[in-house]
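Asks: coords below, sequence missing:
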């Protein structure tokens with residue numbers, strides 16, 4: 001089982017980044033996908049999630065209107081399009097796959113996003 005996040009980097013305020021999450025080793029379409037972020041010393045916060053089949057999207061207020069989550073079940077990929085980035089978006093971003101029926105939960109390694117002012 002592998003869940004690999006990528007796409008982080010250094011960007012200026014107001015810029016955009018697209019994070020990708022590549023899944024393998026499990027039935028991707030059976031899992032909800034969520035993006036979390038974590039600043040050193042703080043808890044890991046969920047900022048967005050997308051359901052497995054109908055693709056229902058949910059966003060934390062901190063990113064609503066700026067971030068867009070999506071998934072491609074055929075490719076086993078999930079994405080987080082981040083627009084109008086702010087310094088407070090600086091964090092390590094993680095993707096998570098969860099199956100509410102089996103209780104299985106997988107984490108990818110984080111990808112660092114740094115927003116400079």
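Replies: Arrived safely. Everything numeric in this text was worked out from a predicted model, so none of it was measured.

Asks: quick one: the spatially most central residue of the chain from residue 117, how far?
Replies: The C-alpha lying nearest the average C-alpha coordinate of the chain belongs to residue 35 (CA atoms, centre = their mean; 2.8 Å). Residue 35 sits 23 Å away from residue 117, taking CB to CB, to the nearest Å as the criterion. For glycine as for every other residue, the C-beta is placed from the backbone atoms N, C-alpha and C.

Asks: kindly report the same for residue 65.
Replies: Distance from residue 65 to residue 117, counting by CB to CB: 20 Å.

Asks: in this protein, where is pLDDT below threshold?
Replies: Within the chain, not a single segment meets pLDDT under 70.

Asks: who does residue 82 bridge with?
Replies: Beta bridges link residue 82 to residue 17, residue 67, judged by DSSP bridges.

Asks: that one contacts residue 18, correct?
Replies: Yes - counting by CB atoms under 8 Å, residue 82 does reach residue 18; the two are 7.1 Å apart.

Asks: between those two, which one's more packed in?
Replies: Using other CB atoms under 10 Å, the more surrounded residue of residue 82 and residue 18 is residue 82, with 26 against 13.

Asks: what's near enough to touch the more buried one?
Replies: Contacts for residue 82 were tallied using CB atoms under 8 Å, 6 or more residues apart in numbering; they are 16-19, 63, 66-67, 89, 113.

Asks: can we see that at 7 Å?
Replies: Residue 82 is in contact with 16-17, 19, 66-67, 89, counting by CB atoms under 7 Å, 6 or more residues apart in numbering.

Asks: residue 75: which of these is nearest?
Replies: Among the contacts of residue 82, residue 19 lies closest to residue 75 (CB to CB), at 15.0 Å.

Asks: that closest one: neighbour count?
Replies: Per other CB under 10 Å, the neighbour tally for residue 19 reads 23.

Asks: past the helix or strand hosting it, which element shows up next along the chain?
Replies: Per DSSP states H and E: residue 19 is located in strand 17-24. Moving toward the C-terminus from strand 17-24, the next helix or strand (DSSP H and E) is strand 32-38.

Asks: who touches that next one?
Replies: Taking CB under 7 Å, 6+ apart as the rule, strand 32-38 contacts 21, 44-52, 69, 71, 78, 80, 91-98, 100.
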